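Q: need coordinates for the below:
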Amino acid sequence: MTEATYHENKLYLPKKVRETLRLVDGDVLHIEVVEKGTAKLYVVRRNNATKSILEKLDNPPDMGKINGKLSRDEIYEDIT
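A: Sure, this is the predicted structure:
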């Protein structure tokens, strides 16, 4: 068993616990109160999809150039 410190409305987990749980930025900890004085802690992993999408928007991949102009028919071509 390991101790965590509650100080100034924050819960501080020891480094060993964070490493064992493999916590990373963005992970969410769900705490279920089982009974008075007893709780269960669950780690919910965040995927990096949102971060990846935001990075793509900041640095979009080079999709090449279109030479000339596209006609209205080319832009709205029927692909059905």
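
Q: that's a strand at Tyr6, yeah?
A: Yes. Tyr6 forms part of a strand when assessed by DSSP: H, G, I helix; E, B strand; the rest coil.

Q: can you give me the distance of it to Glu19?
A: 20 Å (Cβ to Cβ, to the nearest Å). Yep, even glycine has a C-beta here, placed from its N, CA and C like the rest.

Q: tell me which helix or strand in the protein has the weakest average pLDDT.
A: helix 49-58 (a mean of 76; mean pLDDT, DSSP states H and E).

Q: just checking, next helix/strand downstream of that helix?
A: helix 72-75 (DSSP states H and E).

Q: point out where the chain drops to low pLDDT.
A: 47-50, 80 (pLDDT under 70).

Q: what do you get if the cut-off is 50, keeping everything else the same?
A: Scanning the chain for pLDDT under 50 picks out nothing.

Q: I'd say Gly26 and Arg46 touch.
A: Yes. Counting by Cβ atoms under 8 Å, Gly26 does reach Arg46; the two are 3.8 Å apart.

Q: just to be sure, Ala39 is in a helix?
A: No. Under three-state DSSP, Ala39 falls outside any helix and is assigned strand.

Q: which residues does it contact?
A: 31-33 (Cβ atoms under 8 Å, 6 or more residues apart in numbering).

Q: and what of Glu32?
A: For Glu32, the contact set (Cβ under 8 Å, 6+ apart) comprises 39-42.

Q: wait, which of these is closest to Lys51?
A: The nearest member of the contacts of Glu32 to Lys51, counting by Cβ to Cβ, is Tyr42 at 22.1 Å.

Q: quick one: secondary structure of the closest one?
A: Applying three-state DSSP: Tyr42 is strand.
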